[in-house]
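J.: got a structure for you, letters missing:
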């Protein structure tokens, strides 16, 4: 940029960088969500980058910076010295030096990018991709008498060890159209993920099957010890800070064993037991609204374990 | 050497002079430590260096704790017990790191309050206020990531809540939460991830920004308190170019 005048210069306002940023963000989201978005983002980014570069090269928007009067409070006499005169004019630029400058910066950027991008990808990728979790075997269905809530603690992903221990409240609802019906409520509070407890006494002693433990409860609902969220017997929020009903697990019955699969989130449940209408949505993190206007705040979900 | 006898003093300071002649570091250090500050600064203006001291204490104790701590879901808690109960002096260094973390956060806020109440964030020091805000954010992130490392029930559930709080941020929240825990749930990768962020990523950023912060303090000078007569022009008349308020600026433009 030529500085023929000693006044500072600033580039004029431009919307092109904002468009470029939007394009890059769409591209990054696309890597996780869908490849078609990557293409759209790339096109947007390239178009706006070209427009921006054209603007900068033209230099028509360069304007003098506005004069700002600095605050003055000291009554001392002004120093006699003056700023050294600006070096007159710019030294003559030769095409070769310009070429070397551009190629040095360009090569540096290319090498930096080659090193940085895989590192950033490795930092982000594993947390967003391949999140599938295997089905967990909860043991013979005889552990779940009809109508009783059994707090069942199981290892959801055995290679991960005890960190993947989960607790679900399992209730067998009897047969619905010749098929077994289970209510499997996750104990992760829909406020911020603390473990909710049954509001009611335990019944009998706990027992285990392999690494799965069972404890029967007689709850009137569920409550969270952290911030006081309260839920009814179907997991609907009745009081406190939670923004939706408790999450549930999908299930499967194979060879007389009950298996839990992917968890899903629930906006609300109408009715009880086998006849309950469950307003099911994709799994969302605790604290996210899944229905109503607030759910628009979370338009894109990262790929969860489903 | 042959021309004249060297004095004892010169022989003692010879290594320092050798270093100074080749690097200028001694002069630089002297300039940093002996630069002039306004005559009416007071004890409140030591809060910044107190915060720096607290951070250095965290850096040193944290480095030593890292020699004994074993990040991993099966090893973290036993290694914490080992440090606290078995190793000689471990209880002390871990205690210094644990309580020093609170001291660091509290001092950051007190320092910020001093800068705000003294109006020391005003022109030309706005950039240093912004850097300070970034340092505050990074310091709080240190507290958040360090809290998980003992890997006990408190750590686990407090981090669960903290991550899910991040998850409720509009639009990008779920992505941030999933990045922080390295998956849909807290998993075996979460602890080493927090450890790496806690002791590599954030400290590197904090050290860099502290460098910038101090550079600007030296360049712009220490501001006078708001009640300063000197800065208001009714005190002893000393040109700012001579009293060292503002080595980088023209006289009359500083002293917010």
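T.: That came through, no problem. Note that this is a predicted model, so its numbers are computed, not measured.
J.: going forward, measure contacts between C-alpha atoms and count neighbours the same way
T.: Noted.
J.: and the residue nearest to residue B:135 when sequence neighbours are not counted, how many residues sit next to it?
T.: Spatial nearest neighbour of residue B:135, chain neighbours left out: residue B:206 (6.2 Å); criterion: CA to CA, 6 or more residues apart in numbering or on different chains. For residue B:206, the count of nearby residues is 20 (other CA atoms under 10 Å in any protein chain shown).
J.: off-centre distance for the helix or strand where residue B:206 lies?
T.: Following DSSP states H and E, one finds residue B:206 within helix B:202-220. With CA atoms, centre = their mean, to the nearest Å as the basis, helix B:202-220 stands 8 Å off its chain's centre.
J.: what residues sit buried inside the helix or strand hosting residue B:108?
T.: Residue B:108 is part of helix B:90-117, with elements assigned from DSSP H and E. By 16 or more other CA atoms under 10 Å in any protein chain shown, the buried positions in helix B:90-117 come out as B:90-91, B:93-94, B:96-98, B:100-101, B:103-105, B:107-108, B:110-112, B:114-115.
J.: and the helix holding residue B:206, what's buried?
T.: In helix B:202-220, the ones that count as buried by 16+ other CA under 10 Å are B:202-203, B:206-207, B:209-210, B:212-213, B:216, B:218, B:220.
J.: same thing with stretch B:147-158?
T.: Neighbour-count burial for stretch B:147-158 [16+ other CA under 10 Å]: B:147-151, B:155-158.
J.: what's next to that stretch, contact-wise?
T.: A:194, B:71, B:73, B:76-77, B:80, B:159, B:191, B:194-195 (CA atoms under 8 Å, 6 or more residues apart in numbering or on different chains).
J.: could you do stretch B:71-81 as well?
T.: Contacting residues not belonging to stretch B:71-81 are listed as A:163, B:68-70, B:149-152, B:188, B:191-192, B:195 [CA under 8 Å, 6+ apart].
J.: quick check: the farthest pair among those?
T.: The span of those, defined through CA to CA, is set by A:163 and B:68 at 22.3 Å.
J.: for the two, indicate the residue with more neighbours.
T.: residue A:163 (18 against 15).
J.: for the more buried one, which non-adjacent residue is spatially closest?
T.: Distances taken as CA to CA, 6+ apart put residue B:187 closest to residue A:163, at 5.9 Å, once the chain neighbours are dropped.
J.: what does the model give residue A:59 for pLDDT?
T.: According to the prediction, residue A:59 has pLDDT 63.
J.: what residues does the stretch 201-306 of chain A put near chain B?
T.: A:284-288, A:297-302, A:304-305 (CA under 8 Å from any CA of the partner chain).
J.: who wins for most neighbours among those residues?
T.: Neighbour counts for these (other CA under 10 Å) peak at residue A:285, which has 29 neighbours.
J.: what's the helix or strand for whichever residue of chain A sits closest to chain B?
T.: Taking CA to the nearest CA, chain B has its nearest neighbour within chain A at residue A:127, 4.0 Å off. Assigned by DSSP H and E, residue A:127 belongs to helix A:95-128.
J.: which helices and strands does that helix pack with?
T.: Here helix A:95-128 touches helix B:173-181, going by 3 or more CA pairs under 8 Å, 6 or more residues apart in numbering or on different chains; DSSP states H and E.
J.: any bit of the helix it packs on sitting next to chain A?
T.: Yes - Helix B:173-181 reaches chain A (CA under 8 Å from any CA) through B:173-175, B:178-179, B:181.
J.: of all those, which comes closest to residue A:118?
T.: residue B:179 (16.0 Å).
J.: isn't that closest one up against residue A:122?
T.: No - with contact defined as CA atoms under 8 Å, residue B:179 does not count as touching residue A:122 (11.1 Å).
J.: helices along chain A, start to end?
T.: A:16-33, A:35-58, A:95-128 (DSSP state H).
J.: which of the residues in the longest one are buried?
T.: It refers to helix A:95-128. Buried residues in helix A:95-128 (16+ other CA under 10 Å): A:124-125, A:127-128.
J.: got the angle between it and helix A:16-33?
T.: Interaxial angle, helix A:95-128 versus helix A:16-33 (axes from the mean of the first three to the mean of the last three CA atoms, to 10 degrees): 40 degrees.
J.: which positions in the stretch 51-200 of chain B make contact with chain A?
T.: B:73, B:123, B:157, B:160-162, B:164-165, B:167-168, B:170-175, B:178-179, B:181-184, B:186-188.
J.: which elements pack onto the longest strand that chain A contains?
T.: Ordering each strand of chain A by length in residues (DSSP state E) puts strand A:257-270 first. Packing partners of strand A:257-270 (3+ CA pairs under 8 Å, 6+ apart): strand A:136-140, strand A:248-254, strand A:277-281.
J.: tell me where the model's unsure across the stretch 101-250 of chain A.
T.: Along the stretch 101-250 of chain A, no part satisfies pLDDT under 70.
J.: my bad, chain B
T.: Looking along chain B with the criterion set at pLDDT under 70, you get B:1-4, B:231-256.
J.: quick one, helices of it?
T.: Counting by DSSP H, the helices of chain B are B:8-12, B:14-23, B:25-34, B:47-66, B:76-81, B:90-117, B:126-148, B:153-167, B:173-181, B:190-196, B:202-220, B:229-232, B:240-243.
J.: same for the third one, what does it pack against?
T.: Going back to what we said before, that points to helix B:25-34. helix B:14-23.
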